[in-house]
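Enquirer: One predicted model, sequence on top.
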Amino acid sequence: MRISVIGTGYLGAVHAAGMAELGFEVVGVDVDKAKIASLQAATMPFYEPEFEPLLEKHVGGRLRFTTDFAEVADADVHFVCVGTPQQGSSLAADMTYVDAAVDAIIPHLKDGSLVVGKSTVPVGTAERLAERIETLTPDSVNVELAWNPEFLREGFAVQDTLHPDRLVLGVPSAGAEQILREVYARTIEEDRTPVVVTDLPTAELVKVAANSFLATKISFINAMSEICEITGADVTLLADAIGYDDRIGRKFLNAGVGFGGGCLPKDIRAFSARAGELGAAASVAFLAEVDAINLRRREHVVELVRGQVGGLVGRRIAVLGAAFKPNSDDVRDSPALSIAGQLHLAGASVSVYDPKAMGNAAKIFPTLDYSDSVEECVHGADAVLHLTEWPEFRELDPETLGGKVAQRVVIDGRNCLDREAYKAAGWTYLGLGRS
Ligand code: UGA
């Protein structure tokens with residue numbers, strides 16, 4: 001079986017390499033020449049642990065990358081993995097890339113092939129695309145469309161691709177299901193991965209429902225954080241205590257500066273927009289509150305800093321972290337960068353350090369100051385903000401760090417520094433939602 005993957009971003013590039021690892025002949029296609037050149041040279045165009053060895057292993061063998069859509073012609077299965085970012089002018093998802101990807105492969109589809117959507121899309125998209133494929137392919141070419149949402153997390157993309165915790169196959173026929181079961185045969189057999197077979201709209205909705213639930217869980221604990229701050233309670237202990245209840249679970253209950261990235265924020269907004277179009281705005285109205293709680297945490301940190309260092313104009317603030325989470329260089333809707341930007345606009349002199357995301361951060365926030373090391377970043381700082389929980393930040397020695405700053409003030413936006421060690425070294429330690 002031959003596979004094509006359309007779109008080679010965080011999702012598509014790793015999916016293509018994962019499919020090659022599973023034993024298939026794979027071609028990855030993208031309109032971005034620089035990205036394709038990098039992948040074809042077996043160099044990852046973004047940071048993702050474990051990804052480069054997979055490229056090195058398969059590029060030049062059964063994995064290749066191209067900008068020429070005609071090269072998908074001999075594939076039996078085409079995975080559509082392009083992005084669906086938030087539209088510039090509304091909360092809805094921008095479907096330009098999905099539509100363009102499908103249009104680009106239609107002239108090259110062979111009889112009996114299967115198009116499989118993996119992008120996160122508004123419910124109803126699959127049906128619309130299936131009709132478009134049906135209309136634009138000749139009568140002699142029968143092509144079906146399935147939806148197989150992706151649940152991979154950045155930072156764990158390779159593991160999540162090769163060993164997913166579930167497979168959702170939204171299929172129009174038994175034949176399409178059979179093809180997808182063949183693609184994932186190794187995972188299903190070796191890992192006993194649960195398979196949920198659904199219709200197209202259910203598969204599309206599973207993805208947005210999952211991300212909405214995760215976002216809600218994070219905003220729930222951050223709402224508790226707000227109450228803890230008023231009452232003098234400790235949100236990390238509260239999360240531990242409620243997390244022992246299996247029905248609640250401790251995962252995704254880490255209070256702090258909230259969620260960011262290319263998925264959760266735009267997915268809950270796109271879901272709200274789609275529900276509005278369907279006349280069901282009230283059903284997901286709570287997602288607007290989830291969003292609001294999340295954004296409030298960023299403003300809260302700005303206010304904490306202002307209060308702690310006595311105003312912002314001319315104050316020197318060190319920001320540790322720019323990526324939206326550790327083990328990633330992705331800065332899309334990053335809480336860390338958003339806070340750094342707000343402080344800068346309020347007159348502070350902001351220095352940022354991140355182990356992997358400096359290049360991407362400088363592209364979207366060129367006016368911030370970027371340091372080459374933690375030491376340079378915190379030099380002379382009036383406050384140090386810990387906003388992305390990279391392991392190397394957790395391992396910093398508070399005493400050594402204290403020797404470099406102007407004032408020993410640390411705001412732990414991820415609640416995972418050693419509070420007692422900082423306090424013992426004479427720091428004013430402020431966590432979020434912690435007395
Ligand atoms: C998310 C989902 O977790 C994946 O299942 C999904 O496939 C992916 O979106 C997607 O739609 O493609 P990802 O964006 O990689 O994955 O990041 P997460 O690990 O979900 O973290 C999202 C944000 O929530 C990060 O900013 C993280 O710092 C924050 N977070 C996470 C918290 O603030 N608290 C927590 O307890 C957990």
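Expert: Looks like it came in fine. Residues are numbered from 1 along each chain as shown.
Enquirer: Could you use CA atoms for every contact and neighbour count after this?
Expert: Noted.
Enquirer: Now do stretch 26-42: everything it contacts.
Expert: 2-8, 12-13, 16-17, 19-20, 44-45, 52, 55-56, 59, 62-69, 71-72 (Cα atoms under 8 Å, 6 or more residues apart in numbering).
Enquirer: of the residues you listed, buried ones?
Expert: Buried members of the contacts of stretch 26-42, counted by 16 or more other Cα atoms under 10 Å: 2-8, 12-13, 16-17, 19-20, 44-45, 52, 55-56, 59, 62-67, 69, 71-72.
Enquirer: Which ones among those residues map onto strands?
Expert: Members of the buried ones among the contacts of stretch 26-42 lying in strands (criterion: DSSP state E): 2-6, 63-66.
Enquirer: Same list, these, but as TSV with distance to the ligand please.
Expert: Output for these, formatted as TSV (distance: Cα to the nearest ligand atom, whole Å):
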residue	distance to the ligand
2	24
3	21
4	19
5	16
6	16
63	23
64	23
65	22
66	23
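Enquirer: The ligand contacts on the stretch 201-350 of the chain?
Expert: 211, 218, 252-256, 258-261, 263-264, 324-325 (Cα under 6 Å from any ligand atom).
Enquirer: The stretch 51-200 of the chain: strands as residue ranges?
Expert: Per DSSP state E, counting those that start in this stretch, the stretch 51-200 of the chain carries strands over the ranges 63-66, 77-80, 114-117, 144-147, 167-170, 195-198.
Enquirer: Could you list the low-pLDDT ranges of the protein?
Expert: Applying pLDDT under 70 to the chain flags no residue at all.
Enquirer: what's the domain layout of it?
Expert: 2-196, 214-431 (automatic domain parsing).
Enquirer: nearest to residue 204, of the ones you listed?
Expert: Nearest to residue 204, of all these, is domain 2-196, at 5.5 Å by Cα to Cα.
Enquirer: ends of the closest one, how far apart?
Expert: 24 Å (Cα to Cα, to the nearest Å).
Enquirer: Could you give the separation of that domain from the chain centroid?
Expert: How far domain 2-196 lies from its chain's middle: 17 Å, per Cα atoms, centre = their mean, to the nearest Å.
Enquirer: and if you look at stretch 202-220?
Expert: On the basis of Cα atoms, centre = their mean, stretch 202-220 sits 13 Å off its chain's mean C-alpha point.
Enquirer: And the residue of the stretch 201-350 of the chain closest to the ligand?
Expert: In the stretch 201-350 of the chain, the residue that lies nearest the ligand is residue 252 (3.1 Å; Cα to the nearest ligand atom).
Enquirer: tally of neighbours for that residue?
Expert: When neighbours are defined as other Cα atoms under 10 Å, residue 252 has 16 of them.
Enquirer: Identify the residues contacting residue 91.
Expert: So residue 91 contacts 266, 269-270, 272-273 (Cα under 8 Å, 6+ apart).
Enquirer: The residues you listed, buried ones only, as a ChimeraX selection?
Expert: To isolate the buried members of the contacts of residue 91 in ChimeraX, using 16+ other Cα under 10 Å:
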select :266,269,270,272,273
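Enquirer: So which of the contacts of residue 91 is the closest to residue 351?
Expert: residue 266 (27.4 Å).
Enquirer: Do I have it right that that closest one meets residue 88?
Expert: No - in this structure residue 266 lies outside contact range of residue 88 using Cα atoms under 8 Å: 11.3 Å.
Enquirer: of the residues of the stretch 201-350 of the chain next to the ligand, buried ones?
Expert: The buried subset of those (16+ other Cα under 10 Å) comprises 211, 218, 252-256, 258-261, 263-264, 324-325.
Enquirer: Now go through those and say which are in helices.
Expert: Using DSSP state H, the members of those that fall within helices are 211, 218, 264.
Enquirer: circling back: where's the residue of the stretch 201-350 of the chain closest to the ligand relative to residue 213, distance?
Expert: From residue 252 to residue 213 the distance is 10 Å (Cα to Cα).
Enquirer: try residue 191
Expert: Residue 191 is 25 Å from residue 213, by Cα to Cα.
Enquirer: Do a quick rundown of the helices in the stretch 301-435 of the chain.
Expert: 335-345, 358-364, 374-378, 391-394, 398-402, 419-424 (DSSP state H, counting those that start in this stretch).
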